[in-house]
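Asker: Next come a sequence and a model predicted from it.
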Amino acid sequence: MKRDTILTIKLPRGERGGLALHAGCKVIPVGGRNRGVLIVGLSGTGKTTTTFTTQLGSKPAQDDFIALMPGATDTEIWNTLWPDAPRQKMMSPDTVARALVSALLLPEKSTVEELRILPTSGAL
């Protein structure tokens, strides 16, 4: 896959798509202590390479993918798609980011493969 490719996921029923996100985690020794680094982004943009590249004694700890399928989120894209969209009914980008980080930080031996997050007001 090319570095600038965005991988979208088509659900079996074809109802909605989502973004394939990749999360890599590595452990880096700093000042005699191990520090963890979380690398998150769109699939196909180099996170596996970054996760598994050994630099300064770093070691890969985890490498996962997650399908992110957010509902209406208050971002600038609405200025183009639907300028009069009811922004007050949408989620904030921070809400989506917090949900994603929570899913990625689950305890060992657990995983979230798909994250659907919707505004409490429902579909627009």
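Answerer: The structure has been received and is ready for your questions.
Asker: Near residue 89, how many other residues are there?
Answerer: Using other C-beta atoms under 10 Å, residue 89 has 15 other residues around it. C-beta: built from backbone N, CA, C; applies to glycine.
Asker: Could you chop this protein up by domain?
Answerer: For the chain, the structural domains run 1-69, 72-109, going by automatic domain parsing.
Asker: Could you tell me the least trusted of these?
Answerer: Across the domains of the chain, domain 1-69 has the smallest mean pLDDT, namely a mean of 66.
Asker: Residue 56 should be in a strand, yeah?
Answerer: No - applying DSSP: H, G, I helix; E, B strand; the rest coil, one finds residue 56 to be coil, outside a strand.
Asker: how about the helices in the chain?
Answerer: 47-52, 77-81, 93-104 (DSSP state H).
Asker: need the longest strand for this protein.
Answerer: strand 17-30 (DSSP state E).
Asker: Work out the gap between that strand and the centre of the chain.
Answerer: Taking C-alpha atoms, centre = their mean, to the nearest Å, one finds strand 17-30 lying 8 Å from the centre of the chain it belongs to.
Asker: Relative to that strand, what are the paired strands and their orientations?
Answerer: Take DSSP bridges as the rule and strand 17-30 pairs in its sheet with strand 8-10 (antiparallel), strand 33-42 (antiparallel), strand 59-70 (antiparallel).
Asker: Residue 115 and residue 95 touch, don't they?
Answerer: No - the pair residue 115 / residue 95 is not scored as a contact, 12.0 Å apart, by C-beta atoms under 8 Å.
Asker: Perfect, I'm done here.
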